[in-house]
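# have a look at this prediction, sequence included:
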Amino acid sequence: MGINQPLRWEMFRSRATTPVLVALAVIVVQAPLSLGGGPAFASAAATMDSPPADQAQDSVLVTGTGEVGGEPDTLTADFGVETTASTVAQALQSANTAANRMRDSLIHAGITRADLQTSNLTIGTKVDDKQAVIGYTVSEGLTATIRNLGRAGELMSAAIAAGGDAARLNGVSFAIENDTALLTKARKKAFADARRKATLYAGEAGRSLGRVLKVSEAAPSDGGPVTHYFGPAAMSAPFPIDPGRQQLAVTVTVEWALAMRKTGPATG
């Protein structure tokens, strides 16, 4: 009996402590789950709903276009003079005289100096059949912005008459100077067009649109200037001016995230 007593004591101690260790293990494992909506649970849920950090976000990239029309309120006339003389000095003097007369005519009609600009100045040679220089040609451009379209034809005719036979009218173009409101409408149309396309593609893929990831806009377009060429002219009657309507277009590229696929509860 004396020999076996310590052995029974060791067995008793082992049996007593085993349940305690098991209970502690259960508490450690189950403690986070007992918090319900606590931080540990929220973090786990967020991880399940979000793609892994090393996985690219599913997205759809589309381009939308919005176009609106407006009535031009500004005309730009590309005037010029061209003279030829036996010397450069003579050709320059004749060109400057004609250009100054045209400029003075436009200023007298109410065009401000800020709306007049020398566009180019070139000096070239005139040669004969043997390529020998027989004279010099000077071309000088004058660009005028006319904001009163009702008087545009009258002003242009008067300027050409003032320049005489040296006068040139290379063309005119129309523009909408205050286009802020129109561009806002075009941008909204462009974004709506992009959204319609993205929604269609997402639906075909069995997904739905998430948040916008990126938006970029191409430079707004006015469809290009409406230009008319008249060539050498000296007219006493006003030019007929019909501005018509001008189209403003905006192109926008938008990238949407695609919402994660929803899966049903696990079975089995």
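Great, that's in hand.
# buried sites along stretch 112-130?
Residues of stretch 112-130 classed as buried by neighbour count (16 or more other CB atoms under 10 Å): 115, 116. Using the backbone N, CA and C atoms, a C-beta is placed for each residue, glycine as well.
# touching it from outside, list them.
Stretch 112-130 is contacted by residues 78, 80, 84, 88, 91-92, 99, 103, 106-107, 133-147 when judged by CB atoms under 8 Å, 6 or more residues apart in numbering.
# mind checking which of the residues you listed are buried?
Neighbour counting over the contacts of stretch 112-130 (16+ other CB under 10 Å) leaves 78, 80, 84, 91-92, 99, 103, 106, 135-146 as the buried ones.
# restricted to strands, list those.
Those of these mapping onto strands are 78, 80, 84, 135-146, per DSSP state E.
# name the nearest of the residues you listed relative to residue 177.
Set against residue 177, the nearest of these by CB to CB is residue 145 (8.8 Å).
# grab the nearest non-local neighbour of residue 205.
Here the nearest residue to residue 205 in space, its sequence neighbours aside, is residue 258; by CB to CB, 6 or more residues apart in numbering that works out to 7.1 Å.
# low-confidence ranges, the stretch 101-250 of the chain, go.
When residues are selected by pLDDT under 70, those of the stretch 101-250 of the chain lie in 223-238.
# make it 90
Low-confidence regions of the stretch 101-250 of the chain, defined here as pLDDT under 90, cover residues 177-178, 219-245.
# before we move on, the earlier item: hey, what's the residue nearest to residue 205 bridged with?
As for beta bridges, residue 258 partners with residue 209 under DSSP bridges.
# wait, it touches residue 211, no?
No. Using CB atoms under 8 Å, residue 258 is not in contact with residue 211; the gap is 10.3 Å.
# neighbour count for the two, which is higher?
Taking residue 258 and residue 211 together and counting by other CB atoms under 10 Å, residue 258 has the greater number of neighbours (18 against 9).
# got the contact list for that one?
Residues counted as contacts of residue 258 (CB under 8 Å, 6+ apart) are 57, 58, 59, 60, 202, 205, 207, 208, 209, 210.
# repeat that with 6 Å
Going by CB atoms under 6 Å, 6 or more residues apart in numbering, residue 258 touches 58, 59, 202, 207.
# looks to me like the third one is in a helix.
Yes. Assignment of residue 202 by DSSP: H, G, I helix; E, B strand; the rest coil places it within a helix.
# was I right about it contacting residue 195?
No. In this structure, residue 202 sits apart from residue 195 without contact. The criterion is CB atoms under 6 Å, and the distance is 10.3 Å.
# ok, those two, which is more surrounded?
Counting neighbours by other CB under 10 Å for residue 202 and for residue 195 shows that residue 202 has the greater number, 21 against 16.
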